[in-house]
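Chemist: got a predicted structure here, sequence first:
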Amino acid sequence: MIFPYEKYLRQVFFCTFAPNMEQMHTKEEKMAAFGRLLDVMDRLRVECPWDRKQTNDSLRPNTIEEVYELCDALIKDDSHEICKELGDVLLHIVFYSRIGEEKGLYDVADVCNKLCDKMIFRHPHVYGETVAKSAEEVLDNWEQIKQKEKDGNKTVLGGVPASLPSLIKAYRIQDKARHVGFDWEEKQDVWTKVREELDELEAEFKREDKSRSEKELGDFLFSVINAARLYHLNPDNALEGTNQKFIRRFNYIEEHSIKIGKPLTEMSLAEMDNLWNEAKSKENNQINKDYEENLICSNCVYCCSNDSK
């Protein structure tokens, strides 16, 4: 039996939290929006002095900046900013395609078709007869499929961009090697390597040999990234999470110093440590509160979906 107030609460819950699918656009509307973007790009390229003078080289730094801004929005899980930054990145894709078209090399249709052809070729479990029952099976075949492509990678590690940030590059190198069988037989064995590299790093630090210490530091970081990969953790996300945590807690200390009119340079380490722990405690309390609220919401959905008549 469902009481009247339960029906009301359920309506409020779904109106507040459930996604409004009516706001999503039809395929025809999406195609029209993309066509509008192409029209805008065509006009800007002709009539705007700044847009007209841009080249692949001049746009590249801006493209990198836009991608980083998108990454920031993704980390913050800010849907409004994600939508905005996706548009900025899409603009650059259309811009490069227009430049290619002007040179008679390729246009946006070529870009889309090459992408579609590549995705179809790399998904034989969807478009062919290959069977892949899990994401792991798909990934295991991915690198081998890429090397079979006409203009694909000639070597296993050939597809790793040289300009990737070092931490991400290390993860990608290890992951690609894994797909061809070059990996630890048991994931726990990696800890022996991590401890070995840590011991070697500590020994070089004690010798104060900067050159050898740098080499051993690289080996140690590489081994820790390897451990993260084996345990299905993204080291870049993990490190960025710690960066953001440090920023929040340090900002808390700085805000307190401003509030009491005492510069950070005049505060003792003990004072800053106490404020750090205070910020940490408040964060943990908020995490526990959010967890409890999410648990209540989950139970509410479960109960609503299992109403007895």
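Modeler: It's in.
Chemist: so how far is residue 125 from residue 133?
Modeler: Separation of residue 133 from residue 125 (CB to CB, to the nearest Å) stands at 9 Å. Every C-beta, even on glycine, is put in place using the N, C-alpha and C of the backbone.
Chemist: backbone torsions only: list them for residue 87.
Modeler: Backbone torsions of residue 87, given as degrees, to the nearest 10, read phi -60, psi -40.
Chemist: all numbers from here: first residue = 633
Modeler: Sure thing, new numbering starts at 633, so read that last one as residue 719.
Chemist: burial of it, as a residue count?
Modeler: 12 (other CB atoms under 10 Å).
Chemist: can you check the pLDDT for it?
Modeler: For residue 719, the pLDDT comes out at 96.
Chemist: now do the one 3 residues further on
Modeler: According to the prediction, residue 722 has pLDDT 97.
Chemist: now it. Nearest residue, chain neighbours left out?
Modeler: residue 669 (7.2 Å; CB to CB, 6 or more residues apart in numbering).
Chemist: just give the number of residues close to the one you found.
Modeler: Neighbour tally, residue 669, other CB under 10 Å: 16.
Chemist: which other residues reach whichever helix or strand it is part of?
Modeler: Residue 669 is located in helix 659-679, with elements delineated by DSSP states H and E. Helix 659-679 is touched from outside by 657, 683-684, 722-723, 726-727, 730, 734, 740, with contacts defined as CB atoms under 8 Å, 6 or more residues apart in numbering.
Chemist: tell me which of these fall in helices.
Modeler: 683-684, 722-723, 726-727, 730, 734, 740 (DSSP state H).
Chemist: so who does residue 704 touch?
Modeler: 713, 717.
Chemist: read off the pLDDT value for it.
Modeler: Residue 704 carries a pLDDT value of 90.
Chemist: that one sits in which helix or strand?
Modeler: Using DSSP H and E, residue 704 sits in helix 688-708.
Chemist: hmm, back to that, the contacts of helix 659-679 into TSV, with extra columns for neighbour count and distance to residue 698?
Modeler: Converted to TSV, these look like this (neighbours: other CB atoms under 10 Å; distance: CB to CB, whole Å):
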residue	neighbour count	distance to residue 698
657	10	23
683	14	15
684	10	20
722	13	10
723	18	8
726	17	13
727	19	11
730	18	16
734	10	21
740	18	18
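Chemist: most widely separated two among those residues?
Modeler: 657 and 684 (31.2 Å; CB to CB).
Chemist: what does the helix or strand in which residue 776 is found contact?
Modeler: Assigned by DSSP H and E, residue 776 falls within helix 767-780. Outside helix 767-780, the residues within contact range by CB under 8 Å, 6+ apart are 753-757, 762, 764, 784-788, 791, 808, 811-812.
Chemist: and the protein, what are its domains?
Modeler: Residue ranges for the domains of the chain, per automatic domain parsing: 661-741, 868-936.
Chemist: got the residue ranges for the strands in the stretch 783-932 of the chain?
Modeler: For the stretch 783-932 of the chain, applying DSSP state E, counting those that start in this stretch gives no strands.
Chemist: sketch out the low-pLDDT regions of the stretch 733-882 of the chain for me.
Modeler: Within the stretch 733-882 of the chain, the set of residues satisfying pLDDT under 70 comprises 775, 779, 781-785.
Chemist: if we use 90, what do you get?
Modeler: Low-confidence segments of the stretch 733-882 of the chain, defined by pLDDT under 90: 750, 753-754, 757, 760-797, 808, 810-813.
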